[in-house]
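> Please find the sequence and the predicted model below.
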Amino acid sequence: MLTGLEPTLLTRVLARALQRGGDFADVFFENRLTQAFRLGDGRIHEASTSVMRGAGVRVVIGERAGYAYSDDLDEAALLRAAETASLIARHGRQAAGVADLSPQAAPALYASHGDEPADSQRYVDLLARADVAARGFDPRVAAVNAFVTDELQYVQIASSDGRLVTDRRPLVALGVQVVAKHGGERENGYVGDGGRTSIDVFDSKTPETIAREAARIATTKLGARAAPAGEMPVVIGAGGGGVLLHEAVGHGLEADFNRKGTSLYSGRVGERVASDLVTIYDDGDLPGERGTVAVDDEGTPGQHKVLVENGILRGYMQDRLNARLMDVASTGSGRRESFRVLPQPRMCNTYMPSGTSTPEEIVASIDRGLFATSFSGGQVEISKGDFVFMVAEGYLIEGGRITAPVRGATLVGNGPDAMTKVTMVGSDGRLANRSYTCGKGGQRVPVGVGIPTVKLSACTVGGTARG
Amino acid sequence: MADPRDEALALAELALSLAVEAGATDADASVQITDRFACEARDREVTKLERSRGRGLAVRAFVGTRRATLTTTDLTRAGIAALTRRAVAAAAFVGDDPHAGLPETVASDGVCDHDLLTVADDVAERPDEAKIDEALGMERAVRDADVRIANSDGSRVRDAISSWALVNTRGFRGVTQGTNVSRAAAPVALDGTDKRIGRYGTAARGWSGAEGTSAVALHAVHRALAMIGARKPPTMRVPVIFERDAAAAVLGDLVAALNAENVAKGNSWLAERLGTQIAAPHVNLVDDGRLPGGLGTAPFDAEGTPTRETVAVRAGVLEAFLSDAYWGRRLGVPTTGNASGGGVAANNFFLQPGTGTLDDVVASTERGVLVLDTIGFATEYASGTYSRGARGIYIEDGAPKYALDQFTVSSTFGEMLAGIDAIAADLRFDGTIVSPSFRITEMQISGG
């Protein structure tokens, strides 16, 4: 596999990019091979192989960015892309020039992964084991769909300030979706796992565990009551509940929205934005996690970032363009879906560290409420901070006890408002065992989320139950 | 520069021959070459300028009844050869699947159907400077429109010209072209200390068919201002009106349940409902792959099947799922020409419009909620449960009273379709799934 471009060629491309001026220019090279298998109806019905290979050239001048990419890696094509990207700087100021490129290696944060996908039989066996385990879990399991993907992405970033960084990023995922049927009722359950590692990880995170968990969720929802409607106390489950932080706070702390002043968190560093029980980190450097980047897609090392500390807003997630304009350093948050698009400030692994309450104490403190153990997704509108989450698995809390499963629940609210209503934080913080992908501006990137069991003293639950 | 259609066809032919060389007994190959332009302005600055030609190859290789697919942006001969060998080798690990294979019938060769109006000539003709001026103009327009507009997330203007070739081992050769354009604005209004963003965008095959810059800017401003002073509604059951963009999002969730892949996987609440009444008798849902100038229009689908008009729901009765050849065989129904990028997708899907305006529907609603925007997405296709975050307007005595936010609107798809009691005439084909505004007799609102 081609793992990068020649430094001398990169220097020529960067020089062409800055011919009309600019603060800096960079080249992002990517070569990514993905092997995937899908199972349904008891058989492997598709093998798919995919390559994303190409390079993009960017010129930045103030808050302006010019961009062009090419899947053709010949010098002429790359110089054409540089020429196009340079147009943003027409009538621009003098360029800084291109410094000598000095190669740097990315920190080692991923488990070992071979240069080629594993023997195909291994993927197929994982899916067959998941299928058997899900079907054996309960006779009401009506359909099992599963996939496994194994990806290896080489990236190389060269920048006119002399940065030349390569990274070799593995990413595996195994997902199982189970449909359970009983009478006229139909419910689904989904669980996925993986990370920046090799498929050896499924020796310990076994397909049986993943499949049974998906089957358990689907069958639990059969016969579930309709979710209640209205405002009530809500318990957010450890792990998968971390979607709450990602949506309710995380997106609003991405630097682009704050630099432009369109986020409700703009200009509020140092202010109280949550109850003093709330601390939120975003880490790019957790070994092997799905949202980890040894270096981001601008070549800045992934790092530990304190977003909120004991309720006080500490900082934003920065990429190079926004960091320059806000006169701070990049936090290694510049990420992109592929060489076809510009980087944006994005989250990596967003989580809340453990507190002191036991999960049992938290549930026992509620007379009538909802326990949302995991979410299938969420969305936020960053200017006002209103969010919504789809609850994948939820239960009623009655008289301090978990009583019955409910279906069709969503949570709706406002980020800072919800964060001031965090009144208990559990001692059981962990990352979610589900493969989340975050979408922003049409770009999808893998992320991680995590949280301990948390109590919100009040949140609006959108359900269909009458009365 | 050479015609990209010739390049696409030559690359597709090359990939097909390499797939056969690697051991495929049947195969198809498609190449898409797209010239994209995008610009963004914020205040008085051009903040983003992007122009590129992107190329992509997709191959489906069959070894007997075992299927393997590949997609790549590495279009070197060596790259395609290595990847086709890898894909064909992987096919050995796929289960024998009697339903796998190319479609039985394909469109006639070399189709380039001008009646479909997929190409608007004004796209290639318009210089980049004119598009940049439009983006700057929209920024001025949103800021001049109202003193409460204090900021903007940027105005965007984009276009693309796509050439696409598809060939298969049964002798099909198809080449076609399409253009599309879009304009979008995102002004921010100040509401005390709160910020209210209003997003509006439009898309079309060409510039002359798209809503103009001032219409887009004013619509976005209106959306931002409409939410000023919004409050959380009480929890209640009332009639709900979906304004057409929000209505289209409801149809998007419905299309997922009509998708033959989801149906075959047991992942659709409509799985056993074919031939039954699933909606009110005045509800007709259509997917028209040949709608002239439609954004989802093409002469043939991603596997060469001629596109067509499919009535999914006629007079409230479920008549057809949207399907490609494979998932159709799994369900025992013919393909509807909805193959798309390895899966199934709507071409131009819409609810047949009724009469009158959205204002007429509001005026005939004694008490209810007008939903302008929903957030969140569907995952519960299996159970058919619907619940979304929403923003909108409270209606009393047939008139808008005040703005609402931080609430959910919930029901089941079954009750919603049966409860559609008014449909306006305000349908616009500015997407591949579109809808006129409609009202549902009663839904659950969860708020304070």
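Thanks, I have the structure now.
> tell me the domain ranges of chain B?
For chain B, the structural domains run B:4-226, B:236-446, going by automatic domain parsing.
> now swap in chain A and tell me
Taken from automatic domain parsing, chain A resolves into A:120-154+A:167-223, A:230-462.
> if we can go back for a sec, nearest to chain A, out of the domains of chain B?
domain B:236-446 (2.4 Å; CB to the nearest CB). Using the backbone N, CA and C atoms, a C-beta is placed for each residue, glycine as well.
> now do the same end-to-end measure for the closest one.
7 Å (CA to CA, to the nearest Å).
> Which residue ranges of chain A form helices?
Taking DSSP state H to define them, one finds helices in chain A at A:7-17, A:75-86, A:120-137, A:207-221, A:243-245, A:255-260, A:320-326, A:359-364, A:415-420.
> residue contacts, B:Thr235?
By CB atoms under 8 Å, 6 or more residues apart in numbering or on different chains, the residues touching B:Thr235 are A:Ala229, A:Gly230, A:Glu231, B:Gln444, B:Ile445, B:Ser446, B:Gly447, B:Gly448.
> circling back: could you redo the domains of chain B as TSV and give each row mean neighbour count?
Formatted as TSV, these follow (neighbours: other CB atoms under 10 Å in any protein chain shown):
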stretch	mean neighbour count
domain B:4-226	20
domain B:236-446	21
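> Can you lay out those domains as TSV showing mean pLDDT and distance to A:Asp131?
Output for those, formatted as TSV (pLDDT from 0 to 100; distance: least, CB to CB, whole Å):
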stretch	mean pLDDT	distance to A:Asp131
domain B:4-226	94	11
domain B:236-446	95	13
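> Turn these into JSON lines, columns for distance to chain A.
Below are the domains of chain B laid out as JSON lines (distance: least, CB to the nearest CB, whole Å):
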{"stretch": "domain B:4-226", "distance to chain A": "3"}
{"stretch": "domain B:236-446", "distance to chain A": "2"}
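> show me where the stretch 251-400 of chain B has strands.
B:285-288, B:309-314, B:317-318, B:339-340, B:343-344, B:349-351, B:367-375, B:385-396, B:399-412 (DSSP state E, counting those that start in this stretch).
> what's the burial count for A:Ser102?
10 (other CB atoms under 10 Å in any protein chain shown).
> Wait, it touches A:Leu164, no?
Yes - using CB atoms under 8 Å, A:Ser102 is in contact with A:Leu164, at 6.2 Å.
> Closest to the centroid, which residue in chain B?
The centre of chain B sits closest to B:Thr432, judged by CA atoms, centre = their mean, with a distance of 3.9 Å.
> of all of chain A, which residue lies closest to chain B?
A:Gly462 (2.4 Å).
> since we're on that residue, how many residues are nearby?
The number of residues packed near A:Gly462 is 31, by other CB under 10 Å.
> Outside of stretch B:226-234 itself, which residues are in contact with it?
Applying CB under 8 Å, 6+ apart, the set of residues contacting stretch B:226-234 is A:460, B:148, B:189, B:191, B:196, B:198, B:369, B:372, B:391, B:393-394, B:402-407, B:445, B:447-448.
> before we move on, the earlier item: which of the domains of chain B sits closest to A:Val447?
Ranking the domains of chain B by proximity to A:Val447 (CB to CB) places domain B:236-446 first, at 16.3 Å.
> Distance from the chain centre to the closest one, please.
A distance of 12 Å separates the centroid of the chain from that of domain B:236-446, by CA atoms, centre = their mean, to the nearest Å.
> And stretch B:61-70, by the same measure?
Its chain's C-alpha centre and that of stretch B:61-70 lie 28 Å apart, by CA atoms, centre = their mean.
> can you map out the helices along the stretch 1-150 of chain B?
B:4-21, B:77-91, B:121-125, B:128-145 (DSSP state H, counting those that start in this stretch).
> Any chance of TSV for those helices, columns distance to A:Ala323?
TSV is the format used below for the helices of the stretch 1-150 of chain B (distance: least, CB to CB, whole Å):
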stretch	distance to A:Ala323
helix B:4-21	38
helix B:77-91	36
helix B:121-125	37
helix B:128-145	24
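> Which one of those helices lies nearest to A:Asp283?
It's helix B:77-91; of these, that one is closest to A:Asp283 (CB to CB) at 34.8 Å.
> May I have that closest one as CSV, with CA atoms only?
This file holds the C-alpha atoms of helix B:77-91, laid out as CSV (Å, rounded to 0.1, in the frame of the first residue of the first chain):
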residue,chain,number,x,y,z
ARG,B,77,-4.9,0.1,-13.8
ALA,B,78,-2.7,-1.6,-11.2
GLY,B,79,-5.0,-0.4,-8.4
ILE,B,80,-8.2,-1.6,-10.0
ALA,B,81,-6.6,-5.0,-10.9
ALA,B,82,-5.3,-5.6,-7.3
LEU,B,83,-8.6,-4.6,-5.8
THR,B,84,-10.8,-6.8,-8.2
ARG,B,85,-8.5,-9.8,-7.3
ARG,B,86,-9.0,-9.1,-3.6
ALA,B,87,-12.8,-8.7,-4.0
VAL,B,88,-13.2,-11.9,-6.1
ALA,B,89,-11.1,-13.8,-3.5
ALA,B,90,-13.4,-12.5,-0.7
ALA,B,91,-16.4,-13.8,-2.6
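> so what secondary structure elements neighbour it?
Counting contacts by 3 or more CB pairs under 8 Å, 6 or more residues apart in numbering or on different chains; DSSP states H and E, helix B:77-91 packs against strand A:43-61, helix B:4-21, strand B:45-63, strand B:66-72.
> just so I know, which of the ones you listed lies nearest A:Arg259?
Among the helices and strands packed on helix B:77-91, the nearest to A:Arg259 by CB to CB is strand B:45-63 (11.2 Å).
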